[in-house]
Structures are given as C-alpha cells and as structure tokens.
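Trainee: after the sequence you'll find the predicted model.
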Number of protein chains: 2
Amino acid sequence: MKLGYLGPAGTYSEEAAYNYDPDAEMVPFASIPTVVSAVENREIDQCVVPIENSLHGAITDVLDFLVRTDSIAIAGELAVPIDHCLMVKPGTKIDDLKVVYSHPQSLGQSRIYLESTLGHAQAIASLSNAQAVIDMQESEEVAGAIAPGRAAEIYGAEIIAEAIQDNPNNYTRFVVLDQTDRPPTGRDMTSVAFQFSEDEPGLLYKALGVLTENSINMIKIESRPTGEKLGRYTFLIDMELHRSDPVGRETIEKLREMSSWFKVFGSYPRMDELPIRS
Amino acid sequence: MKLGYLGPAGTYSEEAAYNYDPDAEMVPFASIPTVVSAVENREIDQCVVPIENSLHGAITDVLDFLVRTDSIAIAGELAVPIDHCLMVKPGTKIDDLKVVYSHPQSLGQSRIYLESTLGHAQAIASLSNAQAVIDMQESEEVAGAIAPGRAAEIYGAEIIAEAIQDNPNNYTRFVVLDQTDRPPTGRDMTSVAFQFSEDEPGLLYKALGVLTENSINMIKIESRPTGEKLGRYTFLIDMELHRSDPVGRETIEKLREMSSWFKVFGSYPRMDELPIRS
C-alpha cells in the first residue's frame, strides 16, 4: 500500500502516516495539492493530511480542496500530539547554542521555552520542522532544531528537551483520503458540506434541527466562503453517523433537500479518545 | 483622529483606512498585534483591520485576538474590492518584463493572468503588496509589481493592467476597532462570541433558535478552537441587531444564559451593499 504524506520525512504528517499504517510504503510530497492529486490519479493508494489543529483551527487548504474535488473521499481520522523537541548534533550542550531552527509556527508555539531557556540563542525560520533539523546539521554556528521526536531518529540527532511547547493541549487531527470511504463499524463519523440558496436566513438552524431531531451528535461545524460573493458560505459539518445506516440515510436526505448544493465527503470509523502523550 | 492600519502605505489595509476616514492621520503598523495594542493603550484612537476575505475566509489572527482581549470593541465595518493592478516604472513595456513582484497571496490570485500574459516573466514573492512596488523600483531587472491601484499613486508607478485577479468576486471585509462600540442607528450589526460547557451537544442549535424566534438575521458563523482540547470551539456570530435595542438585549441575555463563556465584541452600523468596483 502506497501512502502519501506532506514531506519531508520527520514532519508530524509523516508521524501521522506512520501511526495510521506502519507497514505502508511512505511516499513524501511537497504540497497538499500534489499529495491529494496523487490519490485522485491513483499514483498512490491513500494519503494522510492535516485537517485541524487544536490551537490554530482548520487547515483551510484541505477543506477547500475537499469542497472542489469529486473524486476523493475521507476514509479515516486520527489525532497526533504535537510535542516539540529540542534536538542537536550528538554531544552539543544547551548553553552553547547560538541559533535554533524551526518552522515559524513551531517557534511561535515554543515562545515561553525560547525566552526562558534559549534566550542566548537566535531563532531562525526553516521551511518545515524536518528541514530545521537539516539546517541545524548544516549550520556553521552551534545550532539546535525544534522538531518532532521522530525527526531525531530519522536524521540521527540527539533530543535534549521534550514537550517544550507553551500549550500542552496541542494536537493535530489528520484525515485519510482514499478513492472510497469505509463501511459501517457501529461507531462512525460522516463529514458533509452544503450551501443554501441566497436570501433564506434561518436555514442553518433548520439544518441543525434535523440532527437534533434524530439525536445525532454534531462534532464540528466550519464555514468557508463560496467564492461567489462576500457573505455566502459553504458549511462543513462532522456528525456521528454512517451514511448507509437508516438514520444516516434519512438525515442526509433531509439535509440534501434543504440545500442548494450538498456533498458527502465520506463515512469512516470515528477515532478513539485523544492518544496519550508518550 | 489617529487611525492605525497594517502598513506600509499602499496596502489594501491603507485603502480601507482611507475609505473609512480620509481626513484621519494615518499611522502604519508592522503587524496586527501591534496595531491593536496601540488602540488598547491609547497610542492611537482607532484602527482598521481585515477580518474576512470573500475567497480565503476569516483572518483568524484577528478573531483570536478579539476573543482574548477585554479592552477593545468593534465599532464599524467596511468592504474593499481587491483589484490587483500590474504596475511598472513609467514607460516600461509589458513584453520587456523579466520579473514580477507581489505578495504570495496576490500572485496566487492572479495565476491565470500570470500564465497567459506574463508567461515570459518570473514571479517573485515580496513581503507585502506595497513592498512589491518598492522591490520593483529597486530591481536591477526590468520589473513589474502586482499591487492595489493606490500603491501606484503613492510610489509613482504606472499602471499598465487593471483587475488582473482570476476571480472578480474578491472583496475583503475590514472592521474598525475602538475602545467603545457605537450607539444604535436603526440598521446595526452585533458581533458576539460564546462557548458551551462540555458534553452538551445540541446547544448550538438551541442558540441559533434564539435568533430564529426573534426573527434576527444571522450574517455569519465561525468556529475557532478554544485551545483547551481538540474538538472544543468558540463560536463567533455576526447578527443584525443592536445590543441596546429591546430585542437585542433579550437575545443577548438568552445567549449569555446558555453559554459557559460569552462576550459581545460590539454593536456598530451595518455596512451598505458591497461597493461598486471603479
């Protein structure tokens, strides 16, 4: 099984892909559009992409891609704890660090540690957390990198501090994209998107009423612009049901009737509770 | 009146600030946190910041800042058409261009024009649209810049193509931030944010029901992560009412009772229909 992810090796995306299927042949891609297109044209079987972070919110590129495409389904979900580690060339001491490389988002998420413990080092932006480890290894200064623990394994770096991010509740939710979604398991999630015709306020309330009437748990609601006009939105909802269960079929049929545009992204097994940090 | 905006001069933010109050003393700032903090500590009177784009969605930095702060209110809104212009040093011909500078988002929004008409030129990323004009003027190559028309006036460039963006429905909505919001005008908007305590699904539906019962038009709903746990959200709603009108007071009181956390960002005059493109 060929499994695509947002590379290079050593990113949180690779960690998610590995957690999803350790036996898969991992194929790194440079961007979200290229990895998703590779599933669409069957160059790879599936891919794992980030869709939501517990601090920063939705990965809107992925949502917008799902709204546009017709040849891909959500087939799974998993969460990965975002634990930033400080890593160095083996033997380097923390007090000697002159520069620290990382992705700007990781630097922003580690501000307290950078100020309290690494005030003597200059923070430098890298293109990805994995690239930061390469930048660290190639630096002429005494350098460190902030990256996932897995990057240390892959690139042979030494971890000298773990979980240095400011907020301990930092998780990213990933989805698995495939050509088809998954059969019912008894504990499933379904992701849908819909739009309403103009000039009908209150329709979102009625749509949520369909879920309430059927005692369906809504896990998430997002709004994205349709691109047609300022103030018109596509609503994206994740709900606990399977599209082929009787209640699921009825709910989806009612939502479809209310909408001017409607789409099921897929039904897939609901993930367990958040993974425990190691 | 000192009016802050996201600088430098010649950005769409400056255009929005100018449209809001042409007589104000314009004060450019380098980032959204610094311009908003300047209002909080009364270094400036008001500021104009982008909150939503018709193609890219919410400016989440601004939403998250509004959720966190207690000393600032939304006092107005206005929309600005995003019309990208191709500009050059006076006399330069389009066929001679070797490079074109712009902000990455503007380059992305002008892809069709870049490929069809500027295929002979290399696109280079600049830090802002206004900086792109400076980069163009300082370039050793024959260069162009993609930027708002106002940047050409300010920096003395010549516009050789207008409205070159792929999608004609490109607008950004800006909000005015002040220490206090505004009195009723009879046609007002109110922005609020709220969270629910855990384990109470269906509460969002009930909250929207309060609006429907009172025939209040909801213009927009956004969800942002609370940062506490993956899957917990702050909901942000814009609705047509004034917080001091009788219906507004009742609606807000009911929403507040349902929420575990509730906040009014402000009531302010609702903007007119979208401005017509010049």
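Mentor: That came through fine.
Trainee: average pLDDT across the helix or strand encompassing residue A:101?
Mentor: Secondary structure assigned from DSSP states H and E places residue A:101 in strand A:99-102. Strand A:99-102 shows an average pLDDT of 95 in the prediction.
Trainee: in its sheet, what does it sit against?
Mentor: When sheet partners are counted by DSSP bridges, strand A:99-102 sits next to strand A:122-125 (parallel), strand A:143-148 (parallel).
Trainee: mean pLDDT lowest for which of these?
Mentor: Lowest mean pLDDT within those: strand A:122-125, a mean of 90.
Trainee: show me where the stretch 51-200 of chain A has its strands.
Mentor: A:57-58, A:73-81, A:84-88, A:99-102, A:122-125, A:143-148, A:158-161, A:171-178, A:188-195 (DSSP state E, counting those that start in this stretch).
Trainee: give me whichever of the ones you listed is most buried.
Mentor: Mean neighbour count (mean count of other Cβ atoms under 10 Å in any protein chain shown) peaks for strand A:143-148 among the strands of the stretch 51-200 of chain A, with a mean of 29. For every residue, glycine as well, the C-beta is placed using N, CA and C.
Trainee: pLDDT score for residue A:201?
Mentor: 66.
Trainee: how about the residues of the stretch 151-278 of chain A by chain B?
Mentor: A:167, A:169, A:171, A:173, A:201-202, A:204-205, A:208-209, A:211-212, A:217-225, A:227-231, A:233, A:274 (Cβ under 8 Å from any Cβ of the partner chain).
Trainee: show me the contacts for the residue positioned nearest the centre of chain A.
Mentor: Of all residues in chain A, the one closest to the mean position by Cα atoms, centre = their mean is residue A:50, 1.6 Å from it. When contacts are counted by Cβ atoms under 8 Å, 6 or more residues apart in numbering or on different chains, residue A:50 touches A:6, A:12-13, A:16, A:59, A:62, A:172-174.
Trainee: same question, residue A:213
Mentor: Applying Cβ under 8 Å, 6+ apart, no residues qualify as near residue A:213.
Trainee: ok, what's across the strand from the residue nearest to the centre of chain A?
Mentor: Under the criterion used (DSSP bridges), residue A:50 bridges to residue A:174.
Trainee: how near is it to residue A:101?
Mentor: Applying Cβ to Cβ, to the nearest Å, the value for residue A:50 to residue A:101 is 21 Å.
Trainee: residue A:177 too?
Mentor: From residue A:177 to residue A:101 the distance is 30 Å (Cβ to Cβ).
Trainee: one more: residue A:71?
Mentor: From residue A:71 to residue A:101 the distance is 38 Å (Cβ to Cβ).
Trainee: same check on residue A:123?
Mentor: On the measure of Cβ to Cβ, residue A:123 and residue A:101 end up 8 Å apart.
Trainee: swap in residue A:227?
Mentor: For residue A:227, the distance to residue A:101 - Cβ to Cβ - is 37 Å.
Trainee: again with residue A:18
Mentor: 23 Å.
Trainee: now swap in residue A:209 and tell me
Mentor: 51 Å.
Trainee: next: residue A:94.
Mentor: 15 Å.
Trainee: with residue A:174 instead?
Mentor: On the measure of Cβ to Cβ, residue A:174 and residue A:101 end up 24 Å apart.
Trainee: do residue A:126 as well
Mentor: Taken as Cβ to Cβ, the span from residue A:126 to residue A:101 is 5 Å.
Trainee: pull up the overlap in contacts between those two.
Mentor: With Cβ under 8 Å, 6+ apart as the test, residue A:126 and residue A:101 both reach A:132, A:135, A:145.
Trainee: pipe those residues into TSV and attach distance to residue A:30 per row.
Mentor: Output for these, formatted as TSV (distance: Cβ to Cβ, whole Å):
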residue	distance to residue A:30
A:132	16
A:135	17
A:145	20
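Trainee: for these, which one is nearest residue A:181?
Mentor: residue A:132 (35.4 Å; Cβ to Cβ).
Trainee: what's around the closest one, how many residues?
Mentor: 28 (other Cβ atoms under 10 Å in any protein chain shown).
Trainee: now residue A:185: phi and psi?
Mentor: phi -120, psi -10 (degrees, to the nearest 10).
Trainee: need the contact list for it.
Mentor: A:242, A:269.
Trainee: any idea of the pLDDT on the residue of chain A most remote from its centre?
Mentor: Within chain A, residue A:96 marks the point farthest from the mean C-alpha position, 34.9 Å out by Cα atoms, centre = their mean. Looking at residue A:96, its pLDDT stands at 96.
Trainee: run a quick neighbour tally on the residue lying closest to it once chain neighbours are set aside.
Mentor: Leaving aside its sequence neighbours, residue A:96 sits nearest to residue A:142 (Cβ to Cβ, 6 or more residues apart in numbering or on different chains; 4.9 Å). Using other Cβ under 10 Å, residue A:142 has 16 other residues around it.
Trainee: ok, residue A:142 touching residue A:98?
Mentor: Yes: at 4.9 Å, residue A:142 counts as touching residue A:98 under the criterion of Cβ atoms under 8 Å.
Trainee: distance of the residue nearest to residue A:96 relative to chain B?
Mentor: 29 Å (Cβ to the nearest Cβ, to the nearest Å).
Trainee: mind listing what that residue touches?
Mentor: A:92, A:96-99.
Trainee: same thing with residue A:49?
Mentor: A:5-6, A:13, A:32, A:35-36, A:59, A:62, A:174-175, A:177.
Trainee: mind listing the helices for chain A?
Mentor: A:12-20, A:32-40, A:60-68, A:104-109, A:111-116, A:129-138, A:149-155, A:203-213, A:246-258 (DSSP state H).
Trainee: and of those helices, who's closest to residue A:83?
Mentor: Nearest of the helices of chain A (Cβ to Cβ): helix A:149-155, 6.7 Å.
Trainee: need the contacts of residue A:49 in a markdown table with pLDDT and distance to residue A:194, can you?
Mentor: Formatted as a markdown table, those follow (pLDDT from 0 to 100; distance: Cβ to Cβ, whole Å):
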| residue | pLDDT | distance to residue A:194 |
| --- | --- | --- |
| A:5 | 96 | 29 |
| A:6 | 91 | 28 |
| A:13 | 94 | 29 |
| A:32 | 86 | 23 |
| A:35 | 94 | 26 |
| A:36 | 93 | 21 |
| A:59 | 91 | 20 |
| A:62 | 92 | 18 |
| A:174 | 97 | 24 |
| A:175 | 98 | 19 |
| A:177 | 98 | 20 |
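Trainee: just those now: which is nearest residue A:238?
Mentor: Using Cβ to Cβ, those come closest to residue A:238 at residue A:175, 10.0 Å.
Trainee: could you list the buried residues of the worst-scoring helix or strand of chain A on mean pLDDT?
Mentor: Least confident helix or strand of chain A, by mean pLDDT, DSSP states H and E, is helix A:104-109 with a mean of 88. Within helix A:104-109, the residues scored as buried using 16 or more other Cβ atoms under 10 Å in any protein chain shown are A:106-107, A:109.
Trainee: which residues does the strand holding residue A:101 contact?
Mentor: A:84, A:86, A:107, A:110, A:114, A:118, A:121-126, A:129, A:131-133, A:135-136, A:139, A:141-147.
Trainee: let me see the domain layout of chain A.
Mentor: Domain assignment for chain A, taken from automatic domain parsing, gives A:2-81+A:170-178, A:84-161, A:188-269.
Trainee: dump those to JSON lines, plus distance to residue B:159.
Mentor: Converted to JSON lines, the domains of chain A look like this (distance: least, Cβ to Cβ, whole Å):
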{"stretch": "domain A:2-81+A:170-178", "distance to residue B:159": "31"}
{"stretch": "domain A:84-161", "distance to residue B:159": "33"}
{"stretch": "domain A:188-269", "distance to residue B:159": "24"}
